[in-house]
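Asks: from the sequence below, what's the structure:
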Amino acid sequence: MKQTIRYSSSDLTIDVLRNAISEIWSDTCSSSSTKKILNQDEANSIELLKMSPGALFEIKRDGAGLAPGVTEIILICAGIVAKDIWVKIILPRLVQRFGVDSLKPLDK
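Replies: Predicted coordinates for the structure are as follows:
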């Protein structure tokens with residue numbers, strides 16, 4: 001089941017975000033913390049490690065109803081394990097790279 005998370009950003013474009021996610025994914029794909037998270041769902045663990053980040057994380061741009069210059073970013077994770085990888089590994093590294101205000105969660 002797909003998991004959706006919404007963010008707002010005035011700093012990041014979709015392309016910058018996709019590139020950063022790809023870099024982080026390739027850096028962390030073989031890390032022990034990634035493997036520990038993937039062990040929660042053994043059936044999909046090996047397959048997830050073989051997938052590209054684009055297959056795990058779909059990123060869309062919305063923007064309707066937000067302030068000028070602010071983009072709504074819709075992240076669709078391919079299942080709960082992918083969401084765990086996002087929350088526990090990728091998002092903290094994005095925040096470290098771009099700053100705490102770069103991706104602000106939206107409640108919708």
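Asks: which residue is nearest the centroid of the protein?
Replies: Averaging the C-alpha coordinates of the chain gives a centre point, and the residue nearest to it by Cα atoms, centre = their mean is Trp86 (4.5 Å).
Asks: so that one belongs to a strand, correct?
Replies: No - using DSSP: H, G, I helix; E, B strand; the rest coil, the assignment for Trp86 is helix, not a strand.
Asks: state the pLDDT value of it.
Replies: The pLDDT attached to Trp86 in the predicted structure is 87.
Asks: for it, which non-adjacent residue is closest in space?
Replies: Taking Cβ to Cβ, 6 or more residues apart in numbering, and ignoring the residues beside it in sequence, Trp86 has Cys77 as its nearest neighbour in space, at 5.6 Å. For the C-beta atoms, the positions are set from N, CA and C on the backbone; glycine is no exception.
Asks: which ones are touching that neighbour?
Replies: Residues in contact with Cys77 (Cβ atoms under 8 Å, 6 or more residues apart in numbering) are Lys2, Gln3, Thr4, Ile5, Leu56, Phe57, Lys83, Ile85, Trp86.
Asks: which one of those is nearest to Thr34?
Replies: Using Cβ to Cβ, the shortest approach to Thr34 within those belongs to Ile85, at 6.6 Å.
Asks: shouldn't that closest one be in contact with Cys29?
Replies: No - judged on Cβ atoms under 8 Å, Ile85 makes no contact with Cys29 at a distance of 9.9 Å.
Asks: more neighbours, those two?
Replies: Shown here are Ile85 and Cys29; by other Cβ atoms under 10 Å, Ile85 has more neighbours (26 against 16).
Asks: measure the more buried one to Gly79 for me?
Replies: When Cβ to Cβ, to the nearest Å is applied, the distance between Ile85 and Gly79 equals 10 Å.
Asks: Ser9 now?
Replies: 24 Å.
Asks: which one's more surrounded, those two?
Replies: Summary of the neighbour comparison: Ser9 and Gly79, criterion other Cβ under 10 Å, with Ser9 having more neighbours (21 against 15).
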